[in-house]
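[1] Mind folding the following:
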Amino acid sequence: EIWRYRISSPGAKTINIIFSKFILPPEATLFLYAENGENIFGDLKTLQFVASDATDNQLATPVMQPDSIIIEVDISTDAFVPEDMELEIGSINIGYRGIGGREEKDRR
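    Here you go, the predicted structure:
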């Protein structure tokens, strides 16, 4: 089973997400990618180890440069128990100046 959630902000230079709750069971894999299929980050479960070392299980995703992204959770087994997964988006950060505050025309 695959769950997808699209986040779009037309004209944005960057997007990143702060999960206020990020707990994935072994049966689930989370991917983050641009809607056009580029800039794929996954399996974010490797970042979960960083999140689970913290007492609050929060996770900030890498900054991505499209204006529309997809969060995808892939559940690969029938043994999955929904109660074992907690994903909550605490904030979505949108950048309109690009990374480093420079406009696109300044990048060479």
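[2] I'd like the distance between residue 37 and residue 24.
    Relative to residue 24, residue 37 is positioned 22 Å away (criterion: Cβ to Cβ, to the nearest Å). From N, CA and C alone the C-beta is placed, and that goes for glycine too.
[3] One more: residue 96?
    For residue 96, the distance to residue 24 under the criterion Cβ to Cβ works out to 31 Å.
[4] neighbour count winner among those two?
    residue 24 (23 against 11; other Cβ atoms under 10 Å).
[5] Endpoints of stretch 3-17, how far apart?
    Start-to-end span of stretch 3-17 (Cα to Cα, to the nearest Å) is 17 Å.
[6] How about stretch 67-84?
    For stretch 67-84, the first and last residues are 31 Å from each other (Cα to Cα).
[7] So what touches it?
    Judged by Cβ atoms under 8 Å, 6 or more residues apart in numbering, the contacts made with stretch 67-84 from elsewhere in the structure are 1-13, 15, 17, 23-25, 27-36, 42, 85, 87.
[8] For it, list every residue counted as buried.
    Buried positions in stretch 67-84, judged by neighbour count with 16 or more other Cβ atoms under 10 Å: 67, 69, 70, 71, 72, 73, 75.
[9] Next one: the fourth one relative to residue 20, how far apart?
    Applying Cβ to Cβ, the value for residue 71 to residue 20 is 14 Å.
[10] swap in the second one?
    Summarising the geometry, the distance separating residue 69 from residue 20, computed by Cβ to Cβ, is 18 Å.
[11] How about residue 89?
    In this view, residue 89 and residue 20 are 7 Å apart by Cβ to Cβ.
[12] swap in residue 36?
    The span separating residue 36 from residue 20 equals 28 Å under the rule Cβ to Cβ.
[13] how far is the helix or strand hosting residue 94 from where the chain is centred?
    Here residue 94 sits within strand 86-95, counting by DSSP states H and E. In terms of Cα atoms, centre = their mean, to the nearest Å, the centre of strand 86-95 is set 8 Å apart from its chain centre.
[14] And for stretch 86-100?
    Taking Cα atoms, centre = their mean, one finds the center of stretch 86-100 at 9 Å from the center of the full chain.
[15] Contacts for that stretch, please.
    Outside stretch 86-100, the residues within contact range by Cβ under 8 Å, 6+ apart are 7, 9, 11-24, 30, 57-58, 63, 65, 73, 103-104, 107.
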